[in-house]
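Undergrad: Let's see this in three dimensions:
(2 chains)
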Amino acid sequence: GQQLNQSPQSMFIQEGEDVSMNCTSSSIFNTWLWYKQDPGEGPVLLIALYKAGELTSNGRLTAQFGITRKDSFLNISASIPSDVGIYFCAGAPNAGNNRKLIWGLGTSLAVNP
Amino acid sequence: DAGVIQSPRHEVTEMGQEVTLRCKPISGHNSLFWYRQTMMRGLELLIYFNNNVPIDDSGMPEDRFSAKMPNASFSTLKIQPSEPRDSAVYFCASSLFETGELFFGEGSRLTVL
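TA: Have a look, this model is predicted:
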């Protein structure tokens, strides 16, 4: 099925560094969601975006809904060891059913203390 | 508040056996989703329900897979007969229809030998 292009696939950083990851699509989305998955757990919603250009923060996390409605990014500032996990983007296509999200393949983040 | 509850957390079975996975959504949520997660294909939507009614089962891989939602607080995903390629983590998620923000359970890890 259709998937988002999420990059990078993996990152290995030092504690305290900032992190940036993004998702792009060939089609317009009307919703972008960012999730984090810890090992052995289900994905947990971090940030939801509903308007083009919207910039939303959740603690050290900031996400933006791209102006073109075809991309979104997630930034993590001052990373800490508990940020380790897999981050997924998900989008609801403009022309499709809002219930059928399209998912990226994830960005695996490792943080070296 | 209790989140989405799935059982069993782990299941190991032999090829040909019937497998039943269970899910209790968050109280008040009116949409329920079954996903499958593998390393190769990431998160795949199998089926979703709105108000206990199956809306889209186009992601169900074969007739061996079936899902039911007899009431607002319970759903099952059944695989009969199971095959080794069904080995994956199966997630149940629920949401309010209006927001589309999914809340995932902890998943059921299925291994078919």
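Undergrad: By mean pLDDT, which helix or strand of chain A comes out lowest?
TA: Lowest on mean pLDDT, DSSP states H and E among the helices and strands of chain A sits strand A:102-103, with a mean of 91.
Undergrad: Show me what that one is packed up against.
TA: strand A:85-93 (3 or more Cβ pairs under 8 Å, 6 or more residues apart in numbering or on different chains; DSSP states H and E). In this view, the C-beta of every residue, glycine as well, is placed from N, C-alpha and C.
Undergrad: quick one: strands adjacent to the strand it packs on?
TA: Counting by DSSP bridges, the strands paired with strand A:85-93 are strand A:29-37 (antiparallel), strand A:102-103 (antiparallel), strand A:107-112 (antiparallel).
Undergrad: which one of these has the lowest average pLDDT?
TA: When these are compared by mean pLDDT, strand A:102-103 comes last with a mean of 91.
Undergrad: chain center to that strand: distance?
TA: 11 Å (Cα atoms, centre = their mean, to the nearest Å).
Undergrad: ok, now how distant is the nearest residue to residue A:12 once chain neighbours are set aside from residue B:107?
TA: Among residues not flanking residue A:12 along the chain, residue A:110 sits closest, at 4.6 Å (Cβ to Cβ, 6 or more residues apart in numbering or on different chains). Residue A:110 sits 22 Å away from residue B:107, going by Cβ to Cβ, to the nearest Å.
Undergrad: Looking at the two, which one has more neighbours?
TA: residue B:107 (24 against 13; other Cβ atoms under 10 Å in any protein chain shown).
Undergrad: In chain A, what residue spans correspond to strands?
TA: A:5-7, A:10-14, A:19-24, A:29-37, A:44-49, A:55-58, A:61-65, A:71-76, A:85-93, A:102-103, A:107-112 (DSSP state E).
Undergrad: no wait, chain B
TA: Under DSSP E, chain B gives strands at B:5-7, B:10-13, B:19-24, B:31-38, B:42-50, B:53-56, B:65-71, B:74-79, B:88-95, B:103-104, B:108-112.
Undergrad: so which of the ones you listed comes closest to chain A?
TA: Across those, chain A has its closest neighbour in strand B:103-104 (3.2 Å, Cβ to the nearest Cβ).
Undergrad: Centroid-nearest residue for chain B?
TA: Compute the mean C-alpha point of chain B, and by Cα atoms, centre = their mean the closest residue is residue B:34, 3.2 Å away.
Undergrad: So in terms of bridging, what pairs with that one?
TA: residue B:47, residue B:92.
Undergrad: Repeat that for residue B:22.
TA: residue B:7, residue B:76.
Undergrad: my guess is it meets residue B:73, correct?
TA: No - with contact defined as Cβ atoms under 8 Å, residue B:22 does not reach residue B:73; the gap is 11.1 Å.
Undergrad: For residue B:74, which non-adjacent residue is closest in space?
TA: Nearest non-adjacent residue to residue B:74 (Cβ to Cβ, 6+ apart): residue B:24, at 6.0 Å.
Undergrad: my guess is that neighbour meets residue B:5, correct?
TA: Yes - between residue B:24 and residue B:5 there is a contact under Cβ under 8 Å: 4.3 Å.
Undergrad: The two - which one has more neighbours?
TA: Neighbour tally, residue B:24 and residue B:5, criterion other Cβ under 10 Å: the higher count belongs to residue B:24, 19 against 15.
Undergrad: In chain A, where is pLDDT below threshold?
TA: Scanning chain A for pLDDT under 70 picks out A:1-3, A:94-98.
Undergrad: so what pLDDT did residue B:97 get?
TA: 77.
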